[in-house]
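Trainee: show me the folded form of this:
(chains A, B, C and D)
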There are 2 protein chains.
Amino acid sequence: MAEQPIYRQIAEDLQHKIEAGELHWDSRLPSEKELREQYDASRNTVRDAIQFLMTRGLVETRPGQGTFVMKKINPFVTTLTSEPETGRGGGEEGVYLAEVRAFDREPKNSDPTVEIKKAEGAIARSLRIDRGDQVIVRHQERDIDATPWSLQTSFYPMTLVTQRGATDLIRADDIPDGAVAYLADKCGIEQAGYRDTISVRTPDENEIRFFKLPADGRVSVFEIYRVGFDKDGNRFRLTITVYPSDRNRLRVDVGEVPPRELPAATGEKAAAGE
Amino acid sequence: MAEQPIYRQIAEDLQHKIEAGELHWDSRLPSEKELREQYDASRNTVRDAIQFLMTRGLVETRPGQGTFVMKKINPFVTTLTSEPETGRGGGEEGVYLAEVRAFDREPKNSDPTVEIKKAEGAIARSLRIDRGDQVIVRHQERDIDATPWSLQTSFYPMTLVTQRGATDLIRADDIPDGAVAYLADKCGIEQAGYRDTISVRTPDENEIRFFKLPADGRVSVFEIYRVGFDKDGNRFRLTITVYPSDRNRLRVDVGEVPPRELPAATGEKAAAGE
DNA sequence: GCAAATTTGTTCGTATGTATT
DNA sequence: CAATACATACGAACAAATTTG
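Mentor: Model prediction:
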């Protein structure tokens, strides 16, 4: 049995101190120089230990200041199956706002940006249209409690506007009840169901900037492709939502499941959804 | 605009070469020594660049051999909502085997290990039992096409054995049709529904070993807590499944959704589920 | 506003250990 | 056993960000 490398030993010791409460939230760890003396190791080895803890989200470093114990994030739980009756799912406009407020947290939506583009490979395949077909791209940024929380981009075939009269899709305005409800009202396209495909990947440059994630991709993001189907099984929209995995959880309810309990005051456990 | 650090420049250059097809799948990158000469940088800097690419799953290192361009993994898609009729969900024994075989891939289940433990905090909360109550812990390892794919651990209250006669739960044998079906048969506990909570975290030591993940936790894992409810809303089991996020996707179908298409021969796209 | 001190970020060099061929 | 290549560890220097006087 090989002995643990030094940097791991140091990391473990620091981790224990953090978990034992010796180092509380937002308190500064000893500087690299001090740690070097404490553990009688080189600076690089100490830095390896700190990086190990950073990868696991226990500490963060601030250039010129020091290394700090990370605040435990109270994750927000998005229920993907939230409103089967209306055919709308968790994460969508109206549902999202209601969900967040139900947990006593403050949502904020940016104004949407609207673009017209040619469909690229993945988009065209998801919507079963031809590559190069015109699509409407609507993009929104969302905060919870003033922290950047998710990025949502929806793609609609241009034919919804040109042939079905859904002209509000190309206005750079919020659609108050959500695009799904609008399409039902305006052109009678009812969403009979949707399919979510969930993957995890490293964030790109934009996402790192918006979510204020560490630049080296230690914190990954959920990427959810949601394809909406009408009652004939046709695909009429694709929504891609990106959530940083450190501050989000997803939930799926199947069959008969008791309703969610509301958060007990500021209790972490209820909100964490166990 | 600050210039990019050298290790990022090298990483980008290598990434371009990979994406341009100059370095094809499974081909070896130049050794660290050669890269050092090519880019006129130190070995540590070259290693930083390689680590950057490893984090993003573009290359892998094999001690004693070199650094290789990673094969694009054909992810397996687990549908969490797969069999609403039977009350069983994706990832569970019978469903899992059928799902994998339907996509022409070869599943393998290890024999389960069975332990009796006292329920710890998270387990007790999930099952709504008291901390310290006895629970049965059944653990299984799963491969697909000889690659380690998921780790599953189920927790059952001991009362199912002592008061309801579900004695097979404490036998270290496979339960062929799955524990859910067994409990329905044996003690009439029907699973009326279940709730999945999905989070992402860094793998622990065991998971790194089993899944052969990079030791420093760059590749994260999905962790799915599935709580089963009977028709009275009581919780009778908790199953925690861990999937490496680099080779797995999750799917959720809500409402009326056309059936999945079967893979077109060996096509990546169909299997990826777009 | 500026300069000094502190702290982390990046880069270099070197040495030794370990795994594989 | 030897060669190759990655993993860990040491030391040193300068750069960049931040705080303090």
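
Trainee: now the helices: where do they sit in the stretch 51-200 of chain A?
Mentor: A:93-102, A:121-127, A:159-162, A:179-187 (DSSP state H, counting those that start in this stretch).

Trainee: indicate which one of those helices is closest to DNA strand D.
Mentor: Smallest distance to DNA strand D across these (Cβ to the nearest atom of the strand): 30.3 Å, for helix A:93-102. For glycine as for every other residue, the C-beta is placed from the backbone atoms N, C-alpha and C.

Trainee: for stretch A:29-38, what is the distance to the chain centroid?
Mentor: How far stretch A:29-38 lies from its chain's middle: 35 Å, per Cα atoms, centre = their mean, to the nearest Å.

Trainee: care to break chain A down by domain?
Mentor: Following automatic domain parsing, one finds the domains of chain A at A:6-69, A:76-272.

Trainee: and of those domains, who's closest to DNA strand D?
Mentor: Going by Cβ to the nearest atom of the strand, the one of the domains of chain A nearest DNA strand D is domain A:6-69, 2.5 Å.

Trainee: get me the contact residues on chain A for DNA strand C.
Mentor: Within chain A, the residues that sit near DNA strand C (Cβ under 7 Å from any atom of the strand) are A:2, A:29, A:31-33, A:44, A:47, A:50, A:61-67.

Trainee: could you find the closest non-adjacent residue to the residue in the stretch 51-200 of chain A that chain B sits nearest to?
Mentor: Residue nearest to chain B within the stretch 51-200 of chain A: residue A:193 (2.8 Å; Cβ to the nearest Cβ). Nearest non-adjacent residue to residue A:193, counting by Cβ to Cβ, 6 or more residues apart in numbering or on different chains: residue B:255, 2.8 Å away.

Trainee: where do the strands sit along chain A?
Mentor: Ranges of strands in chain A, per DSSP state E, are A:59-62, A:66-69, A:76-79, A:107-109, A:113-118, A:134-144, A:147-157, A:193-201, A:221-229, A:235-244, A:248-255.

Trainee: list the buried residues for stretch A:138-151?
Mentor: A:138, A:139, A:140, A:141, A:142, A:144, A:148, A:149, A:150, A:151 (16 or more other Cβ atoms under 10 Å in any protein chain shown).

Trainee: neighbouring contacts of that stretch?
Mentor: A:76, A:91, A:96, A:100, A:105-115, A:152-154, A:156, A:169, A:179, A:207, A:210-212, A:241-244, A:247-248 (Cβ atoms under 8 Å, 6 or more residues apart in numbering or on different chains).

Trainee: mind putting the domains of chain A in JSON lines, distance to residue B:224 and mean pLDDT included?
Mentor: Listed next are the domains of chain A as JSON lines, based on distance: least, Cβ to Cβ, whole Å; pLDDT from 0 to 100:
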{"stretch": "domain A:6-69", "distance to residue B:224": "19", "mean pLDDT": "92"}
{"stretch": "domain A:76-272", "distance to residue B:224": "9", "mean pLDDT": "87"}
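
Trainee: picking up where we left off before, need the buried residues of stretch A:138-151 in CSV with distance to DNA strand D, can you?
Mentor: Shown next, in CSV, are the buried residues of stretch A:138-151 (distance: Cβ to the nearest atom of the strand, whole Å):
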residue, distance to DNA strand D
A:138, 34
A:139, 29
A:140, 29
A:141, 23
A:142, 26
A:144, 25
A:148, 18
A:149, 23
A:150, 26
A:151, 24
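
Trainee: the residues you listed: which two are farthest apart?
Mentor: A:138 and A:144 (20.2 Å; Cβ to Cβ).

Trainee: wait, doesn't residue A:77 sit right on residue A:250?
Mentor: Yes - using Cβ atoms under 8 Å, residue A:77 is in contact with residue A:250, at 7.3 Å.

Trainee: shared neighbours of the two, anything?
Mentor: With Cβ under 8 Å, 6+ apart as the test, residue A:77 and residue A:250 both reach residue B:197.

Trainee: more neighbours: these two, which one.
Mentor: residue A:250 (28 against 18; other Cβ atoms under 10 Å in any protein chain shown).

Trainee: the more buried one against residue A:223, yeah?
Mentor: No - contact between residue A:250 and residue A:223 fails when scored by Cβ under 8 Å: they sit 11.6 Å apart.

Trainee: between those two, which contacts overlap?
Mentor: By Cβ under 8 Å, 6+ apart, the residues touching both residue A:250 and residue A:223 are residue A:198.

Trainee: spatially, what comes nearest to residue A:242 if we skip its sequence neighbours?
Mentor: residue A:151 (4.6 Å).

Trainee: for the residue in the stretch 151-274 of chain A that DNA strand C sits nearest to, which residues are in contact?
Mentor: Per Cβ to the nearest atom of the strand, the residue of the stretch 151-274 of chain A with the smallest distance to DNA strand C is residue A:215, at 7.2 Å. When contacts are counted by Cβ under 8 Å, 6+ apart, residue A:215 is found next to residue A:208.

Trainee: ok, residue A:36 next?
Mentor: Residue A:36 sits next to A:42, A:43, A:46 when contact means Cβ under 8 Å, 6+ apart.

Trainee: dump the residue contacts of the residue sitting nearest the centre point of chain A.
Mentor: Nearest residue to the geometric centre of chain A (Cα atoms, centre = their mean): residue A:243, 1.1 Å. Shown in contact with residue A:243 (Cβ under 8 Å, 6+ apart): A:78, A:149, A:150, A:221, A:222, A:224, A:250.
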